[in-house]
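Chemist: A structural model of the following input is requested.
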Amino acid sequence: MIAEQGSTHKTPIIDVSGAFRGGAARFLRELDCHMAETSSESQPVIIGRGRRLTPSWLLQRNLHAGGKRRTIALNNAAFLRGDPRVVLLRNVLHFAEPKEMRDIGFRPSPELRAQIPLVRSLAKRADVLVCPCSSMAERVARYIPSAVDRIEVRFHPVSSLISLENAPTTADEQRGPLMLVPIVNSPYKNLDAHVSELLRELDRVDLAHQVAITGTPADYGDFVREHRRTKFIGVVPSEVLDDYWRRADVIFFPPTLEAFGYPLAEARVHGKLILAPDSEQAREIADQALLPYNLGQSHSIGDSLVGRPPSIYPDPAPFERASYFEWLLRSEF
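Modeler: Presented below is the predicted three-dimensional model:
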């Protein structure tokens with residue numbers, strides 16, 4: 001039996017299964033914050049918390065999705081039932097070109113290969129397909145052209161979660177400026193090569209930055225592990241990572257295959273410069289926070305860092321949480 005949090009039959013039902021880490025966990029964090037700020041009478045029904053997204057769960061969750069109830073899947077796999085059926089398409093690998101994967105040396109696992117046709121098939125039946133940026137919407141439209149008129153582009157909600165603006169200076173801060181790499185490594189992100197290039201460029205232009213990496217030495221090769229600038233902070237709790245966001249003056253975000261890219265949005269929200277490959281997606285999400293460089297162009301990273309502006313203003317409005325969830329839960333589609 002599915003345990004529910006909610007009251008009426010027409011209360012929206014949201015499946016949050018699979019939200020254990022990364023962007024999925026980040027989105028769920030925003031949803032939980034929104035629910036804590038709203039009255040209990042308007043709360044959606046949340047199912048799937050702590051569950052993996054398995055075939056058996058995809059069938060089981062539909063037991064409570066009949067009638068005129070709005071169903072919302074936050075995990076790429078749309079409900080079979082609901083009125084309307086809303087799905088967030090947030091995994092770029094479900095809509096990536098095979099050549100893109102080959103170019104970055106990524107080989108999809110058997111599990112991912114099995115997911116792709118299922119995700120696309122369920123999306124074809126959904127009433128509303130929510131994509132977190134224009135480039136992701138274009139990918140979905142390429143593979144599901146019949147859904148073009150049902151695609152909605154909405155930035156993920158991103159609140160300013162840094163609560164340490166007036167914190168005392170730490171010993172680490174006294175050692176000099178900091179760059180943050182707020183990404184957990186995975187095979188398709190190729191972080192070892194990207195961070196190696198960053199370190200070489202910092203040495204070339206003789207900037208004093210230390211580089212804090214949200215990972216462990218085992219995720220990287222000898223050059224990154226042994227470099228004098230490198231500081232591995234592990235996969236840390238959000239409150240610890242918030243402190244590194246506060247202290248950093250530049251964020252480094254090199255992945256090129258992303259559905260959204262939370263650091264691009266968080267940098268804009270927090271008023272932090274973010275060093276990232278120049279692309280339409282990065283410009284759309286990061287806007288004035290973007291410090292672009294050109295992939296494959298010698299010295300582009302260092303030249304961008306040397307020419308960076310001294311500061312930028314926070315711009316949280318495009319990612320406002322309350323308006324996003326009001327739209328998701330109550331809009332007349």
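Chemist: residue 211 touches residue 198, doesn't it?
Modeler: Yes - with contact defined as C-beta atoms under 8 Å, residue 211 counts as touching residue 198 (6.8 Å). Placement of C-beta: from N, CA and C, glycine included.
Chemist: neighbour count for those two, which is higher?
Modeler: residue 198 (25 against 22; other C-beta atoms under 10 Å).
Chemist: element containing the residue of the chain positioned farthest from its centre?
Modeler: Residue farthest from the centre of the chain, counting by C-alpha atoms, centre = their mean, is residue 67 at 32.4 Å. Here residue 67, judged by DSSP states H and E, is contained in no helix and no strand.
Chemist: which ones are touching residue 255?
Modeler: 183, 188-191, 194, 261 (C-beta atoms under 8 Å, 6 or more residues apart in numbering).
Chemist: repeat the analysis, applying 10 Å as the threshold.
Modeler: Applying C-beta atoms under 10 Å, 6 or more residues apart in numbering to residue 255 gives the contacts 92, 104, 183, 186, 188-191, 194, 261, 263, 276-277.
Chemist: in strands only, show me those.
Modeler: 276-277 (DSSP state E).
Chemist: export the contacts of residue 255 as a markdown table, with columns for distance to residue 269.
Modeler: Shown next, in a markdown table, are those (distance: C-beta to C-beta, whole Å):
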| residue | distance to residue 269 |
| --- | --- |
| 92 | 21 |
| 104 | 28 |
| 183 | 17 |
| 186 | 24 |
| 188 | 25 |
| 189 | 22 |
| 190 | 26 |
| 191 | 23 |
| 194 | 23 |
| 261 | 13 |
| 263 | 10 |
| 276 | 15 |
| 277 | 20 |
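Chemist: in the contacts of residue 255, find the pair that's most separated.
Modeler: 104 and 263 (18.1 Å; C-beta to C-beta).
Chemist: buried ones among the contacts of residue 255?
Modeler: The neighbour-count test (16 or more other C-beta atoms under 10 Å) applied to the contacts of residue 255 identifies 92, 183, 188-191, 194, 261, 263, 276-277 as buried.
Chemist: can you tell me which of these end up in helices?
Modeler: Counting by DSSP state H, the buried ones among the contacts of residue 255 place 191, 194, 263 in helices.
Chemist: would you mind measuring from the nearest residue to the second one once chain neighbours are set aside to residue 284?
Modeler: For residue 194, the nearest residue in space outside its immediate sequence neighbours is residue 254; the separation is 3.7 Å by C-beta to C-beta, 6 or more residues apart in numbering. Computed as C-beta to C-beta, to the nearest Å, the residue 254 to residue 284 distance reads 17 Å.
Chemist: the more surrounded of the two?
Modeler: Here residue 254 and residue 284 are set side by side on neighbour count (other C-beta under 10 Å), and the busier one is residue 254, at 20 against 16.
Chemist: how about the helices of the stretch 201-333 of the chain, start to end?
Modeler: Taking DSSP state H, counting those that start in this stretch, the helices of the stretch 201-333 of the chain run over residues 222-226, 238-247, 262-270, 280-286, 300-306, 321-330.
Chemist: name the helices or strands packed onto the fifth one?
Modeler: With contacts defined as 3 or more C-beta pairs under 10 Å, 6 or more residues apart in numbering; DSSP states H and E, the secondary structure elements packing on helix 300-306 are helix 191-205, strand 250-252, strand 273-277, strand 290-293.
Chemist: just so I know, which of those lies nearest residue 118?
Modeler: helix 191-205 (28.6 Å).
Chemist: thinking again about what came up before, now the ones in helices among the buried ones among the contacts of residue 255 as a markdown table including distance to residue 241 and pLDDT?
Modeler: Putting those into a markdown table (distance: C-beta to C-beta, whole Å; pLDDT from 0 to 100) gives the following:
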| residue | distance to residue 241 | pLDDT |
| --- | --- | --- |
| 191 | 16 | 93 |
| 194 | 19 | 95 |
| 263 | 11 | 95 |
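Chemist: pipe these into TSV and attach distance to residue 229 per row.
Modeler: Shown next, in TSV, are those (distance: C-beta to C-beta, whole Å):
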residue	distance to residue 229
191	15
194	14
263	19
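Chemist: and those, which is closest to residue 151?
Modeler: Checking these one by one against residue 151 (C-beta to C-beta), the nearest turns out to be residue 263, at 24.3 Å.
Chemist: ok, now which ones touch the nearest residue in space to residue 293 that is not next to it in sequence?
Modeler: Excluding the flanking residues, the one nearest residue 293 by C-beta to C-beta, 6+ apart is residue 300, at 4.1 Å. By C-beta under 10 Å, 6+ apart, residue 300 lies in contact with 197, 201, 277-278, 292-294.
Chemist: what's the answer for residue 139, then?
Modeler: Counting by C-beta under 10 Å, 6+ apart, residue 139 touches 89, 92, 94-97, 100, 131, 133, 259.
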